[in-house]
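Colleague: Please find the sequence and the predicted model below.
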Amino acid sequence: MCDDQHFGKGECRCKVDRVPNFAQPRLLLELAKQPAHGYELIERLSQEREAGPDPGNFYRLLRSMEEEGLVCSTWDTHNTGPARRVYELTGQGQEFLHAWAVTIHHTHQSLDRFLSDYKILFPK
């Protein structure tokens, strides 16, 4: 997008590839669809982008969400192979997901206004 020279020594600010902090609501939404173990959630989220979530950060996020009461987990020992922790959305997690949806809706409206103004100024 640019030659990385116009902002000086720091990282280029032109490279924007996703909305920050979107992993949490996305994960909550997946769990609202159905409970799942971590690897399954990583696979589902990886289908949306070329590079899926970083497993280390992903599992840290799941643990912190469990500590906050947004998700709960149980051990699944019914399948063959090692036991897997299955995560499920809690009532508090569902309320938090609703709050995220409102925030995302307002952000969407702001982005639409931005793009409309942008298209007027830069019609190409």
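Modeller: Ah, there it is. Residues are numbered from 1 along each chain as shown.

Colleague: buried ones in the longest helix seen in the chain?
Modeller: In the chain, ranked by residue count with DSSP state H as the criterion, the top helix is helix 91-121. Of the residues in helix 91-121, those buried under the neighbour-count criterion (16 or more other Cβ atoms under 10 Å) are 93, 96-97, 100. Glycine gets a C-beta too; all of them are placed from N, C-alpha and C.

Colleague: Show me which of those is closest to residue 62.
Modeller: Each of the buried residues of helix 91-121 was scored against residue 62 by Cβ to Cβ, and residue 93 proved nearest at 11.4 Å.

Colleague: and the gap between the closest one and residue 37?
Modeller: With distances taken as Cβ to Cβ, to the nearest Å, residue 93 is found 17 Å from residue 37.

Colleague: could you list every residue that touches the residue positioned nearest the centre of the chain?
Modeller: For the chain, the residue whose C-alpha lies nearest the mean C-alpha position (Cα atoms, centre = their mean) is residue 23; its distance is 1.7 Å. Listed by Cβ atoms under 8 Å, 6 or more residues apart in numbering, the contact set of residue 23 reads 45, 53, 57-58, 61.
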